[in-house]
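A predicted structure for the sequence below; I have some questions about it.
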Amino acid sequence: MTNTVSPNTVSIDKPANLPRHLAIIMDGNGRWAKRRFLPRIMGHRQGAKTVKEIVTACRELGIPYLTLYAFSKENWSRPREEVQALMDLLYEYLQNEVDELLGNRIRLRAIGELDRLPERVRGLLFETMEKTSKNYEMQLVLALSYGSRSEIAEAARRIAERCIEGKLSPSEIDEALFASFLYTKDIPDPDLIIRTSGEHRLSNFLLFQAAYSEFYITDTLWPDFNKKELLKALHDFSGRERRFGKTSEQILLRCTGSES
Ligand code: FPP
């Protein structure tokens, strides 16, 4: 039976087709705080609570990979106090959530220029990644100090070095080889990218990996995003036809097993 909740008639059942990899651009913390005449950091603090709720929901639903854009390379140029507050929040999150991650068999990973993180945050991050490294039910990937263009440039640089060293021939460079030089080398491409707070941008997030990702944009600000909103996005995704450049007919034939 389909159970629905008003006002948007969202089914709260588990959607039929879940993304294997869900990635989220968590936006709108500042606006959430501004609307309440609160300092921006209060928006981030509320946003961290949403992170907890969404990780739990994804684990319950059985989504194997969840990537959260928690701090971009460009975010380093925010006011010093805001950067400091975000790093403190990250530290707090790691401190408070390690048992939850272990209990739920969630592996924590991180992508980005991690050596730029403050030493104590980096230390706890690596410790938490190590502690959870044997977990297999779900992978939670935090994009931290992450920028996709520099990830791509760095991959190109390392590939060029291999070629100069004679360890790689230019003729061996294809999409799969290139992808194996990215931070996400053993993570599937995101099937669905959700962006909160209404902006229609990728903001330097997973540019190479998002080639065939579906997008879902909601006006809801990240601190107000919750399990109900997540299910709404997942049901929307579930109903989409992903053609990867093929025709509808070809996809239908493949589903019915009659493709020659
Ligand atoms: C974008 O909102 C959000 C960020 C730059 C930081 C995201 C951080 C969190 C959700 C909390 C900490 C994360 C973890 C993993 C514990 P914005 O500040 O750009 O919002 P605005 O566009 O409304 O100003």
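Great, that's in hand. Numbers count the residues shown, from 1 in each chain.

what distance do you get for the one residue in the stretch 51-200 of the chain that gets nearest to the ligand to Asn135?
Proximity to the ligand, evaluated over the stretch 51-200 of the chain using Cβ to the nearest ligand atom, is greatest for Tyr93 at 3.5 Å. Placement of C-beta: from N, CA and C, glycine included. The spacing between Tyr93 and Asn135, counted by Cβ to Cβ, to the nearest Å, is 17 Å.

mind checking pLDDT for whichever residue of the chain sits closest to the ligand?
For the chain, the residue closest to the ligand is Gly30, as judged by Cβ to the nearest ligand atom, at 2.3 Å. Confidence at Gly30, expressed as pLDDT, is 98.

which residue sits closest to it, ignoring its sequence neighbours?
Closest residue to Gly30 apart from its sequence neighbours, by Cβ to Cβ, 6 or more residues apart in numbering: Arg40 at 4.7 Å.

can you pull the contacts of that neighbour?
The contact partners of Arg40, taken as Cβ atoms under 8 Å, 6 or more residues apart in numbering, are 29-30, 33-34, 82.

what residues does the stretch 51-200 of the chain have near the ligand?
Selection of the stretch 51-200 of the chain residues close to the ligand by Cβ under 6 Å from any ligand atom yields 51, 68, 70, 75, 86, 89-90, 93, 142, 197.

thinking again about what came up before, quick one: buried residues of the helix or strand where the residue of the chain closest to the ligand lies?
Following DSSP states H and E, one finds Gly30 within helix 29-35. Across helix 29-35, burial judged by 16 or more other Cβ atoms under 10 Å covers 29-33.

let me know the next secondary structure element after it.
In N-to-C order, the element after helix 29-35 by DSSP H and E is helix 40-61.

centre of the chain to that next one, how far?
13 Å (Cα atoms, centre = their mean, to the nearest Å).

ok, stretch 204-211 next?
In terms of Cα atoms, centre = their mean, the centre of stretch 204-211 is set 11 Å apart from its chain centre.

what of stretch 27-41?
Distance of stretch 27-41 from its chain centroid, counting by Cα atoms, centre = their mean, is 22 Å.

dump it to CSV, keeping only the CA atoms.
Extracted as CSV, the C-alpha positions of stretch 27-41 are listed here (Å, rounded to 0.1, in the frame of the first residue of the first chain):
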residue,chain,number,x,y,z
ASP,A,27,23.5,24.7,0.5
GLY,A,28,21.5,27.3,2.3
ASN,A,29,22.9,27.2,5.8
GLY,A,30,23.7,31.0,5.7
ARG,A,31,20.3,31.9,4.4
TRP,A,32,18.6,29.7,7.0
ALA,A,33,20.4,31.6,9.8
LYS,A,34,19.8,35.0,8.1
ARG,A,35,16.1,34.5,8.0
ARG,A,36,16.2,33.9,11.8
PHE,A,37,18.5,36.9,12.5
LEU,A,38,21.1,34.4,13.7
PRO,A,39,24.8,34.3,13.0
ARG,A,40,25.8,32.1,10.0
ILE,A,41,27.4,29.5,12.1
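
related to what we said a few turns ago, which ones among the residues of the stretch 51-200 of the chain next to the ligand map onto helices?
In this view, these that belong to helices under DSSP state H are 51, 86, 89-90, 93.

fine, thanks again, bye for now.
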